[in-house]
Structures are given as structure tokens and as C-alpha cells.
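Colleague: Sequence unavailable; structure follows:
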Ligand SMILES: Nc1nc2c(ncn2[C@@H]2O[C@H](COP(=O)(O)OP(=O)(O)OP(=O)(O)O)[C@@H](O)[C@H]2O)c(=O)[nH]1
């Protein structure tokens, strides 16, 4: 049958396995993963010291083992705080580890009491589990993806904290409670076996959070242009297809602006790529002020941008495009020796449009704007041709 020593060795093995699993995401450089790794190293050390408690000098079996155990949980708590972007107060963490270790020494050398040592360990572990649960619960609102990992962690923390509190009360009130950690009674083995899963389960929860972060970072990288922060070309096609379908259903048109910078190559040649990059960045960030929050600005590539404007008829689209032309957000009024302006092609969706056909018409209009001398807006439409020259 499973004894207490075997239960501790299995717990150490579980920590080792979780260490390897967490190590596989260490390269992602997600905040908090290193602390989860550290937690499992401390956990392994603690469980091995507990397992060989009878063979080791008392200092290692009691003070060092318990210092490692509380450090494992504290490191895991810090990992969770980092994973959820919460503040960390190192002095509090060190004070907790020092206080638990000192209390163990007190109830070992001064008042030798297994019950008091159990209370110190179990209550501190319950407190840490509760702190992790509260840390995660505070992120419930506004969590950007599935809340299943949060729910899992909160439930596990409640079970762990409840288990430790139950153990504390049982140790105090039950006359048959164990009198040493390695006592091979059924109750003790059961409690220690359940405890063996605590750190691995918390590590698993942390891993789920790290996974959410990794997916969010990857999605952001795929959907946003690295230089300007505007939506990427890939996202533009996803959003454009979705918005076009919505426009057809709601019978309110989708307007599309294709924007291309004028003289951008000359600017690059005269002032260097860094100045060109700054111009692209300026255009993207300043355009936000000229557009509504429901509009989507995407960088299609090079110096070409697109703006998708849901629920926008010709008048509204012309007004927005003219605002962009007049403000000319790309221009560096003070420093640039090369005048950079915008050419804009505008198309409004029809009921039978695909994103491709809408883009083709906007592209034709943009081509016309370039052909007519640049620094202007041309709207597609056989009924309405808007050509507006901005005073230079
Ligand atoms: N700085 C910078 N330049 C880029 C980037 N991507 C593309 N380019 C440059 O942008 C220029 C775009 O070429 P064109 O569209 O012919 O530029 P243009 O001078 O504006 O020409 P027109 O559109 O006809 O007015 C090329 O020189 C590219 O090397 C980028 O991310 N940063």
C-alpha cells in the first residue's frame, strides 16, 4: 500500500513533470512562467526532503523542507500575480517565507509540537491559495478570452484552501490526528496524497493563463501591423468580409477608402527609411482622430492604407475622407523637405458586392486620383464624381 514516503516522492515526481511542461513555454517569455518553474523546483526539493525526513538531520527535515515548501507556494503566487499583470510586493513575500520558517523552528526547538507546525503550514498554504484565487477572480471582468481557465483556478484554490483549513481543524480537534508527518496511518496518507496534487494543479492553472496570453499575443501580432499598430492586411480581409455581410443584412452600406501616400519614395530617398517609418506611424495614429471608433484603419502594405466605414453613405464617407485630406496626418509640417500628401479612392458597397469587387472599384478611384495629379479624393460612382483639391 502507498505510504507517506511514497506519497511525497510521487509529489516530487509530479513537480518534475510540471517543471518540464512549463519549461516548454518558457521561450515565450510570458511574465510569470519563470516563477512557476521556480515554484516547482522548490516543490521538488521540499517533497524530497519531507520523504527522507527520517534519514536526514532534523534541520533539513523540518526548517529547510518547510522553507522550500512555503517558497514553492510563494513563487507560484508571484507567478500568478505576474501572469495577471498585478503588482508584486517582494518584502511581503520574503516576510511570509521568513515568518513561516521561523515559526517552524519555534515549534520544533522551543515548543516541539507537530500540531502547531501543521497549523503554521496549513494556514499559510490556505492563505496563499486564497490569494491566488482572489488575484485570478479580480481579472474576471474584462477577461478578453474564455473564462474557463479562471473558473478552473478559482475552484481549485477554493478546494485547496478548504482542504488546508479542514486539515488544521481536524489536527486540532481529532484525538486520533497524526503525531508526525511521516506517520503511515490511512488518514495521513490520504491527506498527503491529496496535497501532492496541490502544486501541480496550481501550476496547470498558471499554464492555462500563460497559454491565454500566448494566444492573445499571437493574435495581436497577426492582426496588427507591427510598425503602425493599424489592422493588418490579413485582419482587413476578415473584417471587410464580415462587415460587408453585415451591411447587406442591415441594408446600410459599407464605405471603403483606399489611401496611398504621394511622394513617399522621394521622402524615403531624401530623408531615410526612419523618416518614412515615422510618417507611416504619424498617419496611422493621427487618422484615429479623424475617424469614428467603429471605423477600421488597416495597412495593406508599403504606403497603402484602407479604411472600412460601416453604416456609412456617400455623404458621410466624403466628409471623413475630406477631413483626412485637409488634416493630412502624414505631413510633418515643420521638418519634411518633401511634401507628402494623400491620394484617396472611395467606393460604397452595393447589395451584390464581394469585398473583391468593392476593392476593385476603390482601387480604380485611387488610380484616377493619382492620374489626376495626386493630393485628392476621387469617389467611384457613375452618378457622383467627387474631385476635391486641397489647397496646398
Ligand atoms: N520607410 C518605409 N518605406 C516603405 C515601407 N514599405 C514600403 N516602403 C517604401 O515605400 C515606397 C512606396 O513606393 P511608391 O508607392 O512608388 O511611392 P510614392 O513615391 O508614394 O509613389 P506614388 O504613390 O506614385 O506617389 C517604396 O520606396 C518602398 O520601399 C516601410 O515600412 N517603411
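Modeller: That came through, no problem. Bear in mind that the values here come from a model prediction, so they are computed numbers and not experimental data. Residues are numbered from 1 along each chain as shown.

Colleague: From the structure, what's the count of residues near residue 110?
Modeller: The tally of other residues near residue 110 (other Cβ atoms under 10 Å) stands at 8. (Glycine included, C-beta is placed from N, CA and C.)

Colleague: what's the spacing between the closest residue to residue 84 other than its chain neighbours and residue 79?
Modeller: Leaving aside its chain neighbours, residue 84 sits nearest to residue 139 (5.0 Å; criterion: Cβ to Cβ, 6 or more residues apart in numbering). For residue 139, the distance to residue 79 (Cβ to Cβ, to the nearest Å) stands at 14 Å.

Colleague: of those two, who's got more company?
Modeller: Neighbour count, other Cβ under 10 Å: between residue 139 and residue 79, residue 79 has more, with 29 against 18.

Colleague: Return the residues of the stretch 251-392 of the chain in contact with the ligand.
Modeller: Residues of the stretch 251-392 of the chain found near the ligand (Cβ under 6 Å from any ligand atom) are 260-266, 268, 273, 276-277, 280, 302-303, 370, 374.

Colleague: Output the below-cut-off pLDDT ranges for the stretch 1-150 of the chain.
Modeller: Low-confidence segments of the stretch 1-150 of the chain, defined by pLDDT under 70: 1.

Colleague: need the contact list for the residue in the chain positioned nearest to the ligand.
Modeller: Closest to the ligand within the chain is residue 276: 2.5 Å, counting by Cβ to the nearest ligand atom. Residue 276 makes contact with 264, 267-268, according to Cβ atoms under 8 Å, 6 or more residues apart in numbering.

Colleague: which of those residues tops the neighbour count?
Modeller: Ranking these using other Cβ under 10 Å puts residue 267 first, with 24 neighbours.

Colleague: which residues touch that one?
Modeller: 275-276, 279, 336, 338, 340.

Colleague: Settle this for me: residue 143 is touching residue 153, isn't it.
Modeller: No - with contact defined as Cβ atoms under 8 Å, residue 143 and residue 153 do not form a contacting pair (11.6 Å).

Colleague: who has more neighbours, those two?
Modeller: Remark: of residue 143 and residue 153, residue 153 carries more neighbours, 25 against 14, as counted by other Cβ under 10 Å.

Colleague: Not counting its neighbours along the chain, what's nearest that one?
Modeller: residue 205 (3.8 Å).

Colleague: Please verify my assumption that that neighbour contacts residue 152.
Modeller: Yes - if you go by Cβ under 8 Å, residue 205 and residue 152 touch, sitting 5.9 Å apart.

Colleague: Help me confirm that the residue nearest to residue 84 is found in a helix?
Modeller: No - Residue 139 is assigned coil when assessed by DSSP: H, G, I helix; E, B strand; the rest coil, not a helix.

Colleague: related to what we said a few turns ago, please identify which of residue 205 and residue 152 sits among more neighbours.
Modeller: residue 205 (25 against 16).

Colleague: buried stuff in the helix or strand hosting the more buried one?
Modeller: Assessed by DSSP states H and E, residue 205 sits inside helix 198-223. Applying a neighbour-count criterion of 16 or more other Cβ atoms under 10 Å, one finds 198-210, 212-213, 223 buried in helix 198-223.
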